[in-house]
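>>> Fold the following for me, if possible:
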Amino acid sequence: MSMFTEDDLIPISALQHFAFCERQWGLIHLEGLWAENRLTVEGKQLHERADSDETQVRGDVRIARGQRIRSLVHGLVGRADIVEFHKDTSPSAVEQNGIELNGLEGRWNPIPIEYKRGRVKFKPIDEIQLCAQALCLEEMLETAIDEGFLFYGKTRRRHPVTFSPTLRQLTTDCIENIRHATILGKTPSASYQKECDNCSLYDLCMPKAIEQSQSVREYLNKSVRDLPSPDDGMIS
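Now for the predicted structure:
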């Protein structure tokens, strides 16, 4: 099995960007552009405690926040907002796919939990990001993970996500598509959708104004070149 190097690792957050909008992914990860709006600020606030690197033990549940994760098989790196380790109390726990935690007796089953500010989406955008976290944890902990949760700030509820073969395939396909797009090195063209109005990169993306084949940097550079010279219109 081939392994990726540290230099080849894709940020897990890139999968969510790519699954939501390939152009958004290109603006952020190819052109290095970023902008904040109310929605991104609210999202950061929701993640503040989750990213605090705290670890707690509550009875049969160990809670790890801001868990750093990676996969050299899939070429991923990032952080899981929360990983809950649930103690397996079944009689056959030794035969199951739990893991042993240093300093804690018994077998423990990891469950990744990702925080999102909004609500459940129609497309499996957040599910792909969560599944990527599960792939990393499975490799790091040498275990199998069947389920995780998405916690949405709007509903204040956990949404269960089953890591089915279909979702796993969607996730690995997304990873491969990102690698291919990275090699091409070209930001995908704009295609205006209703969702664009809430994107923090709307003013940089300009989906209604930019020619389909242009990158933002190309557009801005052309705009600068088209500006009149300081000497234009002056009488000699």
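>>> which regions of the chain sit below the pLDDT cut-off?
1-2, 36-53, 91-97, 102-105, 210-236 (pLDDT under 70).
>>> for it, longest helix please?
Secondary structure assigned by DSSP state H gives helix 165-184 as the longest helix of the chain.
>>> now that one: how far from the chain's centre is it?
13 Å (Cα atoms, centre = their mean, to the nearest Å).
>>> In the protein, what residue spans correspond to helices?
Using DSSP H, helices in the chain cover 12-20, 22-29, 38-47, 125-141, 165-184, 202-205, 216-225.
>>> same for the fourth one, what does it pack against?
The helices and strands touching helix 125-141, judged by 3 or more Cβ pairs under 8 Å, 6 or more residues apart in numbering; DSSP states H and E, are helix 12-20, strand 61-71, strand 76-88, strand 104-116, strand 147-152, strand 157-162, helix 165-184. Where C-beta positions appear, they are placed from N, C-alpha and C, glycine not excepted.
>>> and with 6 Å instead?
Contact partners of helix 125-141 among helices and strands, from 3 or more Cβ pairs under 6 Å, 6 or more residues apart in numbering; DSSP states H and E: helix 12-20, strand 61-71, strand 76-88, strand 104-116, strand 147-152, helix 165-184.
>>> And for the longest one?
Packed against helix 165-184 by the contact rule (3+ Cβ pairs under 6 Å, 6+ apart) you find helix 12-20, helix 125-141.
>>> Go through stretch 66-86 and flag the buried ones.
Under the neighbour-count criterion of 16 or more other Cβ atoms under 10 Å, stretch 66-86 has 66-67, 69-72, 74-85 buried.
>>> roughly how far is stretch 127-145 from the heart of the chain?
13 Å.
>>> same thing with stretch 118-125?
Distance, centroid of stretch 118-125 to centroid of chain: 13 Å (Cα atoms, centre = their mean).
>>> Identify the residues contacting that stretch?
16, 19, 20, 152, 154, 155, 159 (Cβ atoms under 6 Å, 6 or more residues apart in numbering).
>>> which stretch among the helices of the chain comes nearest residue 109?
Smallest distance to residue 109 across the helices of the chain (Cβ to Cβ): 9.8 Å, for helix 125-141.
>>> Just give the closest residue to residue 89, not the sequence neighbours.
Among residues not flanking residue 89 along the chain, residue 60 sits closest, at 6.8 Å (Cβ to Cβ, 6 or more residues apart in numbering).
>>> Tally up the residues packed near that neighbour, please.
Residues lying near residue 60 (other Cβ atoms under 10 Å) number 13.
>>> quick one: it and residue 80, what's the gap?
Distance, residue 60 to residue 80, using Cβ to Cβ, to the nearest Å: 20 Å.
>>> Then residue 24?
Taking Cβ to Cβ, one finds residue 24 at 22 Å from residue 80.
>>> now swap in residue 164 and tell me
Counting by Cβ to Cβ - residue 164 and residue 80 are separated by 19 Å.
>>> ok, back up a step: check whether the residue nearest to residue 89 really touches residue 87, as I assumed.
Yes - here residue 60 lies in contact with residue 87, judged by Cβ atoms under 6 Å, at a distance of 3.9 Å.
>>> hey, what's in contact with both of the two?
Contacts common to residue 60 and residue 87, judged by Cβ under 6 Å, 6+ apart, are absent.
>>> Give me the buried positions along the longest helix of the chain.
For helix 165-184, by 16+ other Cβ under 10 Å, it's 167, 170, 171, 174, 175, 178, 181, 182.
>>> So the first one sits against residue 130, correct?
In other words, residue 167. No - the pair residue 167 / residue 130 is not scored as a contact, 8.9 Å apart, by Cβ under 6 Å.
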